[in-house]
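A.B. asks: Show me how the following folds:
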Amino acid sequence: MNHHENLKIILLVGLTGAGKSTAVEYFTSKGIPKVYLGGFAYEIMAERGIEKGEENEKKFRVQIREEEGADVYAKRANQQIQNLLNAGQHRVVVDGLYSWDEYKTMRHEFPGELTTVAVVAPKKMRYDWLAHRADRPQTEEVSHARDNNEIEDVQKGGPIAAADYFVLNDGSIEDFHTQLDAIVAKIEF
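C.D. replies: This next block holds a predicted model:
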């Protein structure tokens, strides 16, 4: 556990469809590298020859946590952040943090260097957006089931509830960016 001078890590949390990816794109457009926890699932699935798809992914997420611990992705993220630090980066945005265990693992590894930002949006807006997204559109029933899974099985609610800042994504993209800029200014990111 090392303390890094001036290191700033933004952890983005939120339910599916809230706008985390949009926030990540905004930060990466400003030259801040991202670490995507969800990407580790696909990496490991590919290594094991498991096909992508909602059912396979759901089973895999449960299985990998049983095998390697609830904070399996956070451990991989910590390593990736360490690599970025070694390459001279001091600002990192982390996307796809789910469980309270992952949150605790990252907080332990980088004490005082994490700022958790919850991206939230009204349920109806999230479900409408998820039904019409170009990549993997999903029905309201699927969205509802996914919310339940993320809250009950994956414990995604804890890090959202305990966030340092909340961004309400229910207006224009400009409004969303303004809120993100305000947070960045507050934490001197």
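
A.B. asks: Next, the contact list for the residue nearest to the spatial centre of the chain, please.
C.D. replies: Centroid check for the chain by Cα atoms, centre = their mean gives Gly96 as the closest residue, at 2.2 Å. Going by Cβ atoms under 8 Å, 6 or more residues apart in numbering, Gly96 touches Leu12, Lys20, Tyr36, Leu37, Gly38, Gly39, Tyr73. (Glycine included, C-beta is placed from N, CA and C.)

A.B. asks: ok, which stretches of the chain are helices?
C.D. replies: In the chain, the helices defined using DSSP state H lie at 20-29, 37-48, 54-68, 72-86, 100-109, 123-132, 140-148, 157-161, 173-187.

A.B. asks: Can you check which of those helices gets nearest to Thr115?
C.D. replies: Proximity to Thr115 (Cβ to Cβ) singles out helix 173-187 among the helices of the chain, at 5.0 Å.

A.B. asks: which helices and strands does the closest one pack with?
C.D. replies: Contact partners of helix 173-187 among helices and strands, from 3 or more Cβ pairs under 8 Å, 6 or more residues apart in numbering; DSSP states H and E: helix 20-29, strand 114-120, strand 165-168.

A.B. asks: what pLDDT, on average, does it get?
C.D. replies: The average pLDDT within helix 173-187 is 95.

A.B. asks: now the angle between strand 114-120 and it, please.
C.D. replies: 160 degrees (axes from the mean of the first three to the mean of the last three Cα atoms, to 10 degrees).

A.B. asks: coming back round to it: wait, which of the helices of the chain is closest to Leu7?
C.D. replies: Leu7 lies closest, by Cβ to Cβ, to one member of the helices of the chain: helix 72-86, at 6.9 Å.

A.B. asks: Go through the contacts of Gly96 and say which is closest to Gln79.
C.D. replies: Closest approach to Gln79 among the contacts of Gly96 (Cβ to Cβ): Tyr73, at 10.7 Å.

A.B. asks: pLDDT score assigned to the residue nearest to the closest one when sequence neighbours are not counted?
C.D. replies: Using Cβ to Cβ, 6 or more residues apart in numbering and skipping residues adjacent in sequence, the residue nearest Tyr73 is Leu37, 4.1 Å away. Looking at Leu37, its pLDDT stands at 88.

A.B. asks: now Glu54
C.D. replies: In this model, Glu54 is scored at 80, pLDDT.

A.B. asks: Can you report how many residues lie near it?
C.D. replies: By other Cβ atoms under 10 Å, the residues close to Glu54 number 12.

A.B. asks: go on, Pro137?
C.D. replies: With other Cβ under 10 Å as criterion, Pro137 counts 11.

A.B. asks: Isn't it up against Tyr127?
C.D. replies: No: Pro137 is not in contact with Tyr127 according to Cβ atoms under 8 Å; the separation is 11.0 Å.

A.B. asks: Perfect, that will be all.
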